[in-house]
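S.K.: could you look at this predicted model? Sequence included:
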Amino acid sequence: HLLDTIESAVGEVGYDAADWAERRRAAMADGDLSYAAANRDLLVRL
């Protein structure tokens, strides 16, 4: 889903990310692509 989201968002601003996404999908199929998300909360005092 992440690759689809990025490809779509890039397309919305007028660029074509199809080649980029296809290379990432191929890497994912080969087991060469990984993603690590770091969620950080920010506490703000107003």
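M.R.: In hand now; what should we look at? Residues are numbered from 1 along each chain as shown.
S.K.: just the helices from the protein, written as ranges.
M.R.: Using DSSP state H, the helices of the chain run over residues 2-12, 18-29.
S.K.: nearest to A38, out of the ones you listed?
M.R.: With Cβ to Cβ as the measure, helix 2-12 is the member of the helices of the chain nearest A38 (14.4 Å). (Glycine included, C-beta is placed from N, CA and C.)
S.K.: what packs against that closest one?
M.R.: helix 18-29 (3 or more Cβ pairs under 8 Å, 6 or more residues apart in numbering; DSSP states H and E).
S.K.: now do the helix it packs on and helix 2-12, the angle between them.
M.R.: Here helix 18-29 runs at 170 degrees with respect to helix 2-12, directions being taken by axes from the mean of the first three to the mean of the last three Cα atoms, to 10 degrees.
S.K.: ok, and what's touching helix 18-29?
M.R.: With contact meaning Cβ atoms under 8 Å, 6 or more residues apart in numbering, helix 18-29 is reached by L3, D4, I6, E7, V10, L33.
S.K.: among the residues you listed, which one has the most neighbours?
M.R.: Within those, neighbour counts (other Cβ atoms under 10 Å) peak at E7, which reaches 19 neighbours.
S.K.: was I right about it contacting Y15?
M.R.: No. Proximity of E7 to Y15 does not meet the contact threshold set by Cβ atoms under 8 Å, at 9.8 Å.
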